[in-house]
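J.: Whatever this is, show me its structure:
(2 chains)
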Amino acid sequence: MRALVATLCAAACVVVAAGPAWAGPQQVASSVASRVMSPFCPGVTLENCPSEEAVHLRARIERKARAGWSEARIMAWLRNEYGPRIDAEPPAGGIGLLAWLLPAAAVAGGLAVAGLLLSRWVRRPGPPPEPPAAPGDRARLERELAEARRRS
Amino acid sequence: MRSLASLGYPSLVCALVFAAGAAGLAAVGARRRRRDLTSAALRAMAVAAAATIVAAGALVTALFAHDFSVAYIAQYSSRSLGAPYLLTALWGGMDGSLLFWTVLLTAFAAIALSRAHLRDTALAGWATVILAGISSFFLVLLLVPADPFARLATPPADGSGLNPLLQSPGMVAHPPLLYTGFVGFSIPFAFAVAALITGRVEDSWWTWTRRWTLFAWSALSIGIVIGGAWAYTELGWGGYWAWDPVENASLLPWLTATAYLHSVVIQERRRMFKAWNVSLIVLTYSLALFGTFLTRSGLLSSIHTFSEGPVGRWFLPFFGAVLLGGVLLVLYRADRLRSEHTFDSLLSRESVFLANNVLFVAAAVTVLWGTIYPIVAEALTGERLSVGPPFFDSVFIPIGLAILLLAGAGPLVSWRRMSPRAGLRVAALPLAAGAITAAVLAALGVRSPGALTAFALCAFTAVSVIAEFERGSRVYRHRDHAGLLPALVRTVARNRRRYAGYIVHLGVVLIVIGLAGSAFRTESARVLEPGSSMSVGSYRLTFEGARTHLTPEAQVHQATVAVSRGGRRIATLHPRRDFHLAQQQWQSEVAIRSTPAEDLYLVITNLHRDGAAELRAFVNPLTMWIWIGAAVMLVGMTVLLTEPRRARAEAAAPARERAAAEPVGAL
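T.: Next comes the predicted model:
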């Protein structure tokens, strides 16, 4: 057990010490392209849009990133150019908050209900549990153990 | 070949008459307990299936005979279309795909009912009512809003041809597999509803339909993966999953069906979760219908082009009736759906399965919500917002990783109860494997927290599952001195369900490794003159020029790109840019150099008159493992589906024996 705790702690130290990655202009451009919907193809992000226009818009974004524009500034420019629908994810406020809250509520609510049910279902300490093997398996196990004993 | 299209519509009318007749006969037979009427209904259902197959055959003859007097043939095929894609045209458009769906539905219904009839006439009777009713709905669709045999007053000399994107080997298999999955779920749904109507919910409807559920789930799983492979090789954006509404529509029933396949194990072993399981089956079939409604109503923006049409508004009331009817029946039979047992401990395999179910259903709710949110937001505010991959990635990936954690934890925890100390002891090795993997990858420079977590969980789950195989095969290796492989084969053969499930889990681990690799994707795009070069990842790409040639279907512009690494030429790739003559449409054909470590993916996005090419290049690490993982899953599914009948009966029997032996607890 101590070895396990030591391994987990050592692994955590290495992971934490590694630190976050630095984002260069190409990473910034790529991140922006993955966060906006393509104005040219329905239902596809700019990053995934194979149209010529999308290629040119990605190139414009990369030029801005190379010119030192931050990701937030490029996003603001895109919203200004194409409207709020270009955002590939709903805003974290107003009606957009509803989009984010429901999945969290589904997980939290589901686990809470399951936890409540489990605590009701779990019996008070009772007789020792039966072996997990099914009757057929048990008979086979006994047969095979007897055979093994005979051999030894 | 001679067109037999004139047989199509009358065959569909005949099929509707017999399907509706089967529903009526079966309803009367089931109510009055008349075995003769139920038998007659089953025969009528078989005739309906035969008539639907004749109709589909008639459409196929029209496709191969280039009978452009049929509007569907003129719209979705052409004289230059090759034989495999002529067949693909059967499901390439709305009306044909609905006909194909109905063929599967009536055929599956006839097969499943004929077998069930021998076991339980009452249950089979009500299942016939449900399946014949669903078949009648689809046949009405085919006769009224989606007639695939509608004629044109003036037939064109040639058809418009099939969408070039659909002219791919992936599209030969992807839609039929998805439809097999969607339609296959109608069998467990019908038997679940029949069990609720008759009140015999304690009967083994779920064991009879288990193989159908597995079959449908397997087909849907492989269909989804092939759809991803098709998107990867055809759409030219370097990815395989875009969280498109049509993709989500296939994922939704898969998630709830996967939850069901896990929770039904608890019902078999412990006689618990009866209401939950029957609800999951109702939900799965409802989601299959809802997805079909979404993708055929044109309500949502999608890259899938066959989503427009009048059929959508027919689906909504049908979907509503199925869901509402199912929910009302579950509520009506709530007293009979109570669990016969309780849990022994919080730390048990049952608890892991319960958590697994909560997460799968939460994942389904999340995907459904993200898919319909733009419509909801527009209805509430008048403004249409977008919900794309960043949203789905943010909310789905954590749930998916938690499910992966449970897939690793499940084999470590025993049924009924386990002490925390024993749990930690058996989990030590998988936990250490996960931690060491994360540490090594971090030390090697991996920075993405999501990818680190995914790889760590993959190691945890893989070690947990492999340890199960090791433990299971140990007795054969030690007692019989069998080699590793024969011992493993005997282990799997002895308990197919358990180990086939583990094989599927190993496949999932490999798929997650492939998906996590996308965190390290790099790409580059450049306009290249002949002879000029660009870099992507560790590769140097030199555009050597493009050659043009004409085929019956397209003007093909094939580029030659030399791939070098470390100054050495390692491959030559030929991405293409084709101009399809019938559709007057450009289409890029990607070129991929695939290795277990990474894919080099090239796509020409434009060709200039001066001979220059706009080249987009991706390096996609570990992508091949997605397809390998799917193949491993397929092995597991095959082992499950080929379980001998006797083994299935044995697997079901202990549940009954245990249930009889154990005290009955109230909820």
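J.: pull the helix or strand with minimum mean pLDDT from chain B.
T.: For chain B, using mean pLDDT, DSSP states H and E, the weakest element among its helices and strands is helix B:645-661, scoring a mean of 53.
J.: Any stretches of the stretch 201-350 of chain B with poor pLDDT?
T.: Within the stretch 201-350 of chain B, the segments meeting pLDDT under 70 span B:203, B:297-309, B:340-341.
J.: repeat that for 80
T.: Scanning the stretch 201-350 of chain B for pLDDT under 80 picks out B:202-204, B:270-271, B:294-310, B:312, B:339-345.
J.: So which residues of it form helices?
T.: Secondary structure of the stretch 201-350 of chain B (DSSP state H, counting those that start in this stretch): helices located at B:205-208, B:210-234, B:245-270, B:274-297, B:312-332, B:349-381.
J.: Now do the helices in the stretch 1-150 of chain B.
T.: B:8-31, B:35-64, B:71-76, B:83-88, B:94-119, B:121-143.
J.: Ok, which of these comes nearest chain A?
T.: Closest of these to chain A is helix B:94-119, at 17.7 Å (criterion: CB to the nearest CB). The C-beta positions use only the backbone N, C-alpha and C, and glycine is treated the same way.
J.: do you know how far the most centrally placed residue in chain B is from B:Ile226?
T.: Nearest residue to the geometric centre of chain B (CA atoms, centre = their mean): B:Leu220, 2.5 Å. Noted for B:Leu220: a distance of 11 Å to B:Ile226, by CB to CB, to the nearest Å.
J.: Mind splitting chain B into its structural domains?
T.: Listed by automatic domain parsing, the domain ranges of chain B are B:1-154, B:389-519+B:633-654, B:521-624.
J.: The closest residue to B:Pro621 other than its chain neighbours: neighbour count?
T.: Take B:Pro621 and drop its neighbours on the chain: the residue closest to it by CB to CB, 6 or more residues apart in numbering or on different chains is B:Gly517, 4.0 Å away. The local packing of B:Gly517 (other CB atoms under 10 Å in any protein chain shown) involves 22 other residues.
J.: pLDDT at B:Gly517, what is it?
T.: Here, the pLDDT recorded for B:Gly517 equals 95.
J.: Next up, the contacts around it.
T.: Residues in contact with B:Gly517 (CB atoms under 8 Å, 6 or more residues apart in numbering or on different chains) are B:Ala451, B:Glu598, B:Asn620, B:Pro621, B:Leu622, B:Thr623, B:Trp625.
J.: Among those, which ones are in helices?
T.: Within the contacts of B:Gly517, residues falling in helices by DSSP state H are B:Ala451, B:Trp625.
J.: Which member of the contacts of B:Gly517 is positioned nearest chain A?
T.: Set against chain A, the nearest of those by CB to the nearest CB is B:Ala451 (10.8 Å).
J.: domain assignment for chain A?
T.: Looking at automatic domain parsing, the domains of chain A come to A:23-86, A:90-117.
J.: would you turn those into TSV with distance to chain B and mean pLDDT?
T.: Formatted as TSV, the domains of chain A follow (distance: least, CB to the nearest CB, whole Å; pLDDT from 0 to 100):
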stretch	distance to chain B	mean pLDDT
domain A:23-86	4	89
domain A:90-117	4	89
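J.: Could you export those domains to a markdown table, including columns for mean neighbour count?
T.: Shown next, in a markdown table, are those (neighbours: other CB atoms under 10 Å in any protein chain shown):
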| stretch | mean neighbour count |
| --- | --- |
| domain A:23-86 | 18 |
| domain A:90-117 | 15 |
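J.: In TSV, list those domains along with distance to B:Ile111.
T.: Formatted as TSV, these follow (distance: least, CB to CB, whole Å):
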stretch	distance to B:Ile111
domain A:23-86	37
domain A:90-117	36
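J.: Distance of the residue nearest to the centre of chain B relative to B:Pro169?
T.: For B:Leu220, the distance to B:Pro169 - CB to CB - is 19 Å.
J.: Could you pull out the helices in chain A for me?
T.: Secondary structure of chain A (DSSP H): helices located at A:2-18, A:25-35, A:52-66, A:71-82, A:95-121, A:135-151.
J.: Let's have these in TSV, adding distance to B:Leu25.
T.: Formatted as TSV, the helices of chain A follow (distance: least, CB to CB, whole Å):
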stretch	distance to B:Leu25
helix A:2-18	65
helix A:25-35	57
helix A:52-66	57
helix A:71-82	59
helix A:95-121	42
helix A:135-151	41
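J.: what about those, which gets the closest to B:Arg384?
T.: Closest to B:Arg384 of those is helix A:95-121 (CB to CB; 11.1 Å).
J.: what angle do the closest one and helix B:349-381 make?
T.: Relative orientation of helix A:95-121 versus helix B:349-381 (axes from the mean of the first three to the mean of the last three CA atoms, to 10 degrees): 150 degrees.
J.: Show me what helix A:95-121 is packed against.
T.: When contacts are defined as 3 or more CB pairs under 8 Å, 6 or more residues apart in numbering or on different chains; DSSP states H and E, helix A:95-121 packs onto helix B:349-381, helix B:389-409.
J.: same thing but 6 Å
T.: helix B:349-381 (3 or more CB pairs under 6 Å, 6 or more residues apart in numbering or on different chains; DSSP states H and E).
J.: beta partners of B:Glu614?
T.: In this entry, B:Glu614 is beta-bridged to B:Val527, B:Asn606, by DSSP bridges.
J.: re the thing from before, gap between the residue nearest to the centre of chain B and chain A?
T.: Applying CB to the nearest CB, to the nearest Å, the value for B:Leu220 to chain A is 21 Å.
J.: who in the stretch 301-450 of chain B is up against chain A?
T.: Neighbours of chain A within the stretch 301-450 of chain B, by CB under 6 Å from any CB of the partner chain: B:301-303, B:342-344, B:346, B:354, B:358, B:362, B:365-366, B:369, B:373, B:377, B:381, B:385-386, B:388-391, B:395, B:414-417, B:428, B:432, B:435, B:438-439, B:442-443, B:447.
J.: I figured B:Phe343 hits A:Arg120, correct?
T.: No: assessed by CB atoms under 6 Å, B:Phe343 is found out of contact with A:Arg120, at 9.1 Å.
J.: Settle it for me: which of these two has more neighbours?
T.: Set B:Phe343 next to A:Arg120 and count neighbours by other CB under 10 Å: B:Phe343 wins out with 23 against 10.
J.: re the thing from before, can you put the helices of the stretch 201-350 of chain B in JSON lines and add distance to B:Ala15?
T.: Shown next, in JSON lines, are the helices of the stretch 201-350 of chain B (distance: least, CB to CB, whole Å):
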{"stretch": "helix B:205-208", "distance to B:Ala15": "26"}
{"stretch": "helix B:210-234", "distance to B:Ala15": "22"}
{"stretch": "helix B:245-270", "distance to B:Ala15": "25"}
{"stretch": "helix B:274-297", "distance to B:Ala15": "20"}
{"stretch": "helix B:312-332", "distance to B:Ala15": "18"}
{"stretch": "helix B:349-381", "distance to B:Ala15": "33"}
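J.: so which of those helices gets nearest A:Ala106?
T.: Closest among the helices of the stretch 201-350 of chain B, using CB to CB: helix B:349-381, at 4.2 Å.
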